[in-house]
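1. Here is a sequence with its predicted model. Questions after.
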2 protein chains.
Amino acid sequence: MNGSEAMVHTLLNNDVSVCFANPGTSEMHFVSALDRVPEMRCVLGLFEGVVTGAADGYYRMARKPAATLLHLGPGFGNGFANLHNAKRARSGIVNIIGQHAHDHIANDAPLTSDIEGVARPVSHWVRTSASSVTAPHDTAQAVQVASSPSGRIASLILPADAAWGDSPAGGVGKLPVRAAPSPSASVVETIARLIRSGQYEPSSIALLLGNRAMRGAAPRLAGQIAARTGCRLLAENKNARTERGLGRVNIPQIPYPINGAIETLKDIRLLILVDARKPVAFFAYPDMPRFLVHDDCHVETLVNEFEDVDAAMADLNDAVGGRPDQIAYVGEGTPPAWSDGTPNSLELGRALAGLLPENAIVVDEAITTGRQLLLSTPSAQPHDWLEITGGSIGYGLPCAVGAAIACPDRKVVAIIGDGSAMYTVQSLWTMAREGLDVTVIICANSKYQILRGELEAMGGPPPATNAERMLNIGSPVLDWVQLAQGQGMRATRVTTMDAFAKALQRGVGEAGPNLIEVML
Amino acid sequence: MNGSEAMVHTLLNNDVSVCFANPGTSEMHFVSALDRVPEMRCVLGLFEGVVTGAADGYYRMARKPAATLLHLGPGFGNGFANLHNAKRARSGIVNIIGQHAHDHIANDAPLTSDIEGVARPVSHWVRTSASSVTAPHDTAQAVQVASSPSGRIASLILPADAAWGDSPAGGVGKLPVRAAPSPSASVVETIARLIRSGQYEPSSIALLLGNRAMRGAAPRLAGQIAARTGCRLLAENKNARTERGLGRVNIPQIPYPINGAIETLKDIRLLILVDARKPVAFFAYPDMPRFLVHDDCHVETLVNEFEDVDAAMADLNDAVGGRPDQIAYVGEGTPPAWSDGTPNSLELGRALAGLLPENAIVVDEAITTGRQLLLSTPSAQPHDWLEITGGSIGYGLPCAVGAAIACPDRKVVAIIGDGSAMYTVQSLWTMAREGLDVTVIICANSKYQILRGELEAMGGPPPATNAERMLNIGSPVLDWVQLAQGQGMRATRVTTMDAFAKALQRGVGEAGPNLIEVML
């Protein structure tokens, strides 16, 4: 057995069973090994940003890493942006990156580059395998790192000779994964005491939830704590995966625009971080603060990214006397009806709220059009909501690919801006090839609208020739029906809310991939 | 005047007049500055690989750098692969990369990453501007570096406060660019003596030309030297820009497949490098050599990448007594006629040879389909031929964008494999938007054919399920007519050589962008 095959067995032994791939010549021994181990599911992307973004989406839903297979430094480079998003989502991923044979690296063949150099900024762990004997051990360690409670990006560089050389048969067995430790009792006690001290008005206290606190037991415990203490609940601006909808605790997000964020936080004097970070401006502006909380706000960390979130929240709930029959922020009622007419953010959110099937996974990269989608959806059927965590546009379509592979029995609805969708438009082909159960909604405003807003906020004159050419993407108009059909995907275009609702109903009602272009 | 505006003036002062861009919020002050300096031509790409690949193509034809405008680390990451190709082409490029304000970097906002880290592997020069006062000086230096005789990649990271802060009006004036020095007389003399020594059969001597030696005076001088001495002429496997066709010296390339390369070089005992490197295998294979020349081959460098190629060749020509009326390897005759039937590499090359308009620029990323295109085209009208220099697929369409912007009066013909074209498919939109005079030929074989060949060469069984899923891109079939029309570009599909020839004739006869999908 060669090193590649031992690696594939090692991946399977360690519960990595999906490989998102865009291989090249230096990975052919690995590809051949995959052919001999058909238990590994291989999913091709026609561009590496699809591959890494899919691994991100897969982890968010499967809670375990997938592997990626990438072609040397440039292949990794193409996957860099979505690895940045994945790192910010704390998604565990095992990247396997082909490299020249050890004795060929110094010869500086055309594809040679500093792979470790490009991998490091988006990886927690980088290693170049020394040989085909060590490669399976490196693989097992990479999975171990990626599977840690706070998901990590592990990048394993595989020189061709380590791929083709001999290795003990069967690979390496499962390495243990350390569980997240509970936070210290004294931290919980201190925070409970601060909450009950009377020093802070209840409405000036907020629990700020992020990442793992947005799903599982934590949101419900947060709802109990809020009901009991009168404190507020807030969520970080963008989250990897939020469980929300009817009957669930729906936690309002800090808005993206800096003014809205500051306004939301202005009365908070005690902010308790629950797997969240002290809120920071997405971008700096000349005369605005860098941090979003009031200068007099006291910030405490209940639980950090390495600790057990549910345990911490259960302890805090116990300490303040929260009760399962009193829960605040619970989604209820029926979604407000949408009005027919030209689609906009608010109405799209209403239609989505009314039509989302139970247990749907929503991938949201609708940027400006998405700003009001969260308003109506607390009364939608229970669903998961996935967002862009690292700010690097082009995450949405690939993320939907990975989420659909992780959860073949759930409907994925991806709502994506036209500008965003173009970065990784090749995702549509993978959806079609794999027959993924994804409905893609393209919000076609023919603009980089968020940038127009930023330019306007700078207070200068309206965009003239050069700015207009960089912020307007409507000339020529992108035809998303053709872009989808050209990749084997059913597609339709709508210009009114009623037509959108009909198309969405049909899209989520039928199995398999389809796309709706919504003209805004 | 703020730092951004002073930078834009500095770019113009230093003869950088095109900015390929995909900006984000951190670059809005720069975008606003571009609006106030309309002399700068701004070209938007809907993905950063288009932006950096276009800058590469622009340099190859304009012989001067363009600027790129990119959005922090992930934006640079998306541009990484084509910067790798540009670096291998030795194309000078000035990357301007937005960054958070200095006082916001440590706050680790979502888009924060190690930009210098990701920039370094594909840059010769990396700097983060300290302030709005130094930014224009940094810009001038970046252009100076990029404009050096051996084109360099200069990456300038621009923190937002350096973009928005005050700066002296007008920017920095033109910095001098050092000319390439002539190679030493003793080197030329030594090589001339070796050639004439009688120690080597003339047919066992070869001049290996690369990069700048493939255009201008050098190829003709090589033809004179070959005619005079009986030595052979060879070109590196892929070249940034080759002047070839009727009446020009057409130098055969070392083939890409390793067996063909070794066969081509096996009788060479004296190899003289003319802005070329000792030939190295593109990839390592278990039982094959890493270098392609015979063990007994003596290798001498006539001129390296930093020296004056034309001067070195003129000196060598004088030393061996070459004469302008005796030139070997000159393209002559009429292109062989193509036969109707299913298109293939040989016939496509014949049709191209017959139909290329004079002074066309051919961008070749046809990979396996392209292998025989060079056979017939020495008898085509004089043209430039641009190739993938770094092996990172997805260079071709963006390169065509840049070449067309650099040479608005010349027809660009881009012949691209379907697999290759998907990586940077967004280029078609920029072609349509800018009305570029490009005819795109998509060679649609629905496969990663080069990888199938590599897998076959490994000697294993034919691809089974997993390998087939990674090497076959024909399910679903990509429809290039829709992919082009969906981005505002005229397109047609052909299945026979006659139909192809008609479509090509029409395509090159009309101004503006159009696409021909050739079913193979």
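-> Sure, I can see it. Residues are numbered from 1 along each chain as shown, chains lettered A, B, ... in the order given.

2. Tell me if residue A:157 really is in a helix.
-> No. Secondary structure of residue A:157 (DSSP: H, G, I helix; E, B strand; the rest coil): strand, not part of a helix.

3. Which residue, other than its chain neighbours, is closest to the residue sitting nearest the centre point of chain A?
-> By C-alpha atoms, centre = their mean, chain A has its centre lying nearest to residue A:240, at 4.3 Å. Leaving out its chain neighbours, the residue that sits closest to residue A:240 by C-beta to C-beta, 6 or more residues apart in numbering or on different chains is residue A:89, at 3.8 Å. Using the backbone N, CA and C atoms, a C-beta is placed for each residue, glycine as well.

4. Quick check: pLDDT value at that neighbour.
-> We have a pLDDT of 98 for residue A:89.

5. can you check residue A:108 too?
-> Reported pLDDT for residue A:108: 97.

6. What is the neighbour count of the closest residue to it other than its chain neighbours?
-> Leaving out its chain neighbours, the residue that sits closest to residue A:108 by C-beta to C-beta, 6+ apart is residue B:280, at 7.1 Å. Residues lying near residue B:280 (other C-beta atoms under 10 Å in any protein chain shown) number 20.

7. Just confirm residue A:316 contacts residue A:187, I think it does.
-> No. With contact defined as C-beta atoms under 8 Å, residue A:316 does not reach residue A:187; the gap is 9.4 Å.

8. one step back: host element of the residue nearest to the centre of chain A?
-> Under the criterion DSSP states H and E, no helix or strand holds residue A:240.

9. And it, how close does it get to chain B?
-> Distance, residue A:240 to chain B, using C-beta to the nearest C-beta, to the nearest Å: 12 Å.

10. before we move on, the earlier item: any idea what the residue nearest to residue A:108 is bridged to?
-> Under DSSP bridges, the beta-bridge partners of residue B:280 are residue B:291.

11. Enumerate every residue touching it.
-> A:104, A:107, A:108, A:109, B:290, B:291, B:292 (C-beta atoms under 8 Å, 6 or more residues apart in numbering or on different chains).

12. Now for those, which sits with the most neighbours around it?
-> Counting neighbours by other C-beta under 10 Å, residue B:292 comes out on top of the contacts of residue B:280 with 25 neighbours.

13. so how many other residues sit close to residue A:253?
-> Applying other C-beta under 10 Å, I find that residue A:253 has 18 neighbouring residues.

14. and it, what does it touch?
-> Here residue A:253 is in contact with A:234, A:235, A:236, A:237, A:238, A:239, A:374 (C-beta under 8 Å, 6+ apart).

15. so of those residues, which ones are in helices?
-> If you go by DSSP state H, the contacts of residue A:253 have residue A:374 in helices.

16. can you tell me which of the contacts of residue A:253 are in strands?
-> The strands, defined by DSSP state E, take in A:234, A:235 from the contacts of residue A:253.

17. Out of the contacts of residue A:253, which is nearest to chain B?
-> For chain B, the closest of these turns out to be residue A:238, at 7.1 Å, with distances computed as C-beta to the nearest C-beta.

18. Strands of the stretch 301-450 of chain A, residue ranges please.
-> A:360-365, A:383-387, A:412-417, A:438-444 (DSSP state E, counting those that start in this stretch).

19. could I get these as JSON lines with mean neighbour count?
-> Formatted as JSON lines, these follow (neighbours: other C-beta atoms under 10 Å in any protein chain shown):
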{"stretch": "strand A:360-365", "mean neighbour count": "27"}
{"stretch": "strand A:383-387", "mean neighbour count": "25"}
{"stretch": "strand A:412-417", "mean neighbour count": "28"}
{"stretch": "strand A:438-444", "mean neighbour count": "28"}
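
20. Distance to residue B:131 and mean pLDDT for these - can I get that in a markdown table?
-> Formatted as a markdown table, those follow (distance: least, C-beta to C-beta, whole Å; pLDDT from 0 to 100):
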| stretch | distance to residue B:131 | mean pLDDT |
| --- | --- | --- |
| strand A:360-365 | 35 | 98 |
| strand A:383-387 | 35 | 98 |
| strand A:412-417 | 34 | 98 |
| strand A:438-444 | 39 | 98 |
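
21. just so I know, which of those lies nearest residue B:74?
-> Nearest of those to residue B:74, taken as C-beta to C-beta: strand A:360-365 at 13.8 Å.

22. picking that back up, ok, the residue nearest to the centre of chain A touching residue A:90?
-> Yes. Using C-beta under 8 Å, residue A:240 is in contact with residue A:90, at 6.6 Å.

23. which residues do these two both contact?
-> Common neighbours of residue A:240 and residue A:90 are listed as residue A:211 (criterion: C-beta under 8 Å, 6+ apart).

24. and the residue nearest to residue A:240, what does it touch?
-> A:56, A:59, A:60, A:151, A:211, A:240, A:389, A:390.

25. ok, now which ones touch the fifth one?
-> Contact criterion C-beta under 8 Å, 6+ apart gives A:89, A:90, A:236, A:239, A:240, A:275, A:276, A:305 as the residues in contact with residue A:211.

26. ok, residue A:368 touching residue A:453?
-> Yes. At 6.8 Å, residue A:368 and residue A:453 qualify as touching, with contact defined as C-beta under 8 Å.

27. higher neighbour count, the two?
-> residue A:368 (20 against 16).

28. Run through the residues that contact the more buried one.
-> A:345, A:417, A:445, A:449, A:450, A:453 are the contacts of residue A:368 under C-beta under 8 Å, 6+ apart.

29. Go again with 7 Å.
-> Residues in contact with residue A:368 (C-beta atoms under 7 Å, 6 or more residues apart in numbering or on different chains) are A:449, A:450, A:453.
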